[in-house]
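Engineer: need a structure here:
(one chain, ligands or ions: 2)
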Amino acid sequence: MNTGASRIEINEVGPRDGLQIEKAFVPTEEKIALVDALSDCGFARIEVTSFTSPRAIPALADAQEVMRGIRRRPDVIYTALVPNVRGLERAVEAGTQEINLVMSSSETHNRANLRMTRAQSLEELTNILRAAQGTSTPCNVSLSTAFGCPFDGDVSAEEVLRLAHELVNAGAAGITLCDTTGMAYPTQVAALCERTLREFPGLPITIHLHNTRGMALANAIAAWQTGVIRFDAAVGGLGGCPFAPGASGNVNTEELVHMFECMGVTTGVTLDPLMNVVRGLPQLVQREFSTPLLAAGHRLATHQPPAWLAEKFGA
Ligand code: COA
Ligand code: ZN
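Structural biologist: Ligands and ions are numbered 1, 2, ... in the order given. All right, here's what the predicted structure looks like:
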């Protein structure tokens, strides 16, 4: 098997991508407590919230309060998603350390999600990137629907790379390739990651996967094998874009950590405190959902053999 790097970085996006689609509004103090608990798990980055229109994403209308209220560890970078200039101003004012700008690779998803054409988004983001050059806040750009669009179907690698080049030329500090509705498959992920790494040597490339069709962990391995070391993931597998039909959970952080740690790849994340966060999620989002790793435990969490074995075979 081709192996990738022996150390990867995880960007926990549950507080943003996870909570943005939840029906029950999570009270501000509980959002802050969630981020604080995640801060002690060893993530490189935590995407705390998004500075979007409260009408578009009511679940995250308290972005400023959350960003201002969290306890900050010096070894964690606290980021937020931003769609426009107004969002940038709010994010910087609240002390966001790194900005994650967003636009879609496909035309129809950009219109549905951001109410702009891609050309308008590109202009908006280009202005933000130019303005941010020389400030101390790096701006990464997330390209949604990079592996397929729920409205337009397949998205070509050329289109994704064209947008990436424009944004990097305008000053993007990194690019995230997002599989917004879990349309990516492993060979496609490998091909686009390889091309992106080759065309942007030295630029931080992140992969953002959703498990809508059960391929997220396979896609993570495919990306890792090409040399990608930065992974977005959401605790409990929460997440999804409210403006993409059929969108569902991100790649599950605890499963990603468990898998890579089994393979001897360092993630920086400690599973025990993370599983404590997972335990609290149904209460937090006011619904039951399946958390297979919590049910099964670590692969080496072995069980007592049945008592009759000792009688039949001896101690
Ligand atoms: N933060 C807070 N309020 C904002 C805002 C921001 N970043 N951007 C716009 N608004 C407000 C405006 O002030 C205006 O308020 P008003 O009606 O009280 O005057 C209202 O939102 C509409 O503004 P407008 O510029 O016309 O935006 P829009 O309605 O065309 O929406 C976006 C454009 C980008 C702001 C909106 O679609 C959005 O926030 N999308 C986010 C989508 C998202 O996060 N998806 C999931 C992640 S991929
Ligand atoms: Zn997502």
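
Engineer: Where does the prediction get shaky in the stretch 51-200 of the chain?
Structural biologist: Within the stretch 51-200 of the chain, no range satisfies pLDDT under 70.

Engineer: need the residues of it near ligand 1, please.
Structural biologist: Contact residues (Cβ under 6 Å from any ligand atom) of the stretch 51-200 of the chain with ligand 1: 51-53, 55-57, 83-84, 86-87, 90, 102, 113-115, 144. In short, each C-beta sits where N, CA and C put it, glycine included.

Engineer: Apply 5 Å and report the result again.
Structural biologist: By the rule Cβ under 5 Å from any ligand atom, the part of the stretch 51-200 of the chain lying against ligand 1 is Thr52, Ser53, Ala56, Ile57, Pro83, Arg86, Gly87, Asn113, Leu114, Arg115.

Engineer: Make JSON lines from these and add neighbour count to it.
Structural biologist: Formatted as JSON lines, these follow (neighbours: other Cβ atoms under 10 Å):
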{"residue": "Thr52", "neighbour count": "26"}
{"residue": "Ser53", "neighbour count": "15"}
{"residue": "Ala56", "neighbour count": "16"}
{"residue": "Ile57", "neighbour count": "22"}
{"residue": "Pro83", "neighbour count": "24"}
{"residue": "Arg86", "neighbour count": "13"}
{"residue": "Gly87", "neighbour count": "23"}
{"residue": "Asn113", "neighbour count": "23"}
{"residue": "Leu114", "neighbour count": "22"}
{"residue": "Arg115", "neighbour count": "14"}
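
Engineer: Which ones among those lie within helices?
Structural biologist: Members of these lying in helices (criterion: DSSP state H): Arg86, Gly87, Asn113, Leu114.

Engineer: Identify the residues contacting the residue positioned nearest the centre of the chain.
Structural biologist: Centre of the chain computed as the mean C-alpha position; nearest residue by Cα atoms, centre = their mean is Asp232, 3.1 Å away. By Cβ atoms under 8 Å, 6 or more residues apart in numbering, Asp232 lies in contact with 10-11, 13, 17, 47, 176, 178, 206-209, 250-251.

Engineer: Model confidence score at it, please.
Structural biologist: Predicted confidence (pLDDT) for Asp232: 98.

Engineer: Excluding chain neighbours, what is closest to Asn276?
Structural biologist: Leaving aside its chain neighbours, Asn276 sits nearest to Ala37 (7.2 Å; criterion: Cβ to Cβ, 6 or more residues apart in numbering).

Engineer: hmm, back to that, among the ones in helices among the residues of the stretch 51-200 of the chain next to ligand 1, which two are most distant?
Structural biologist: Maximum pairwise distance in these, criterion Cβ to Cβ, is 16.0 Å, between Arg86 and Asn113.
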